[in-house]
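Enquirer: pasting a predicted model and its sequence here:
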Amino acid sequence: MKLQIFSVACIVVSVAALIAGVLKGDGVYLFLGGMGLLGVALLSFAVVRRKNGSS
């Protein structure tokens, strides 16, 4: 449950960074937002693989 809350919080912050980057035209925000979303995707993939492997 804590992991789900953490991943949702990461998604929200990453999307907010992407929006800020688009509005300000700042590549740093775009990079950070993209890295955050990539991290959440990798984390979700690892959790799904672990659940499938343990069952």
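Expert: On my side now, so go ahead. Numbers count the residues shown, from 1 in each chain.

Enquirer: report pLDDT for Asn52.
Expert: If you check Asn52, the pLDDT there is 81.

Enquirer: near it, how many other residues are there?
Expert: Residues lying near Asn52 (other Cβ atoms under 10 Å) number 8. Backbone N, C-alpha and C define where each C-beta goes, glycine included.

Enquirer: ok, it - contacts?
Expert: Contacts here follow Cβ atoms under 8 Å, 6 or more residues apart in numbering; on that basis Asn52 touches nothing.

Enquirer: secondary structure element for it, which one?
Expert: Element membership for Asn52 (DSSP states H and E) is helix 27-54.

Enquirer: buried stuff in that helix?
Expert: Applying a neighbour-count criterion of 16 or more other Cβ atoms under 10 Å, one finds Tyr29, Leu30, Leu32, Gly33, Gly36, Leu37, Val40 buried in helix 27-54.

Enquirer: in the chain, where is pLDDT below threshold?
Expert: Scanning the chain for pLDDT under 70 picks out 1, 54-55.
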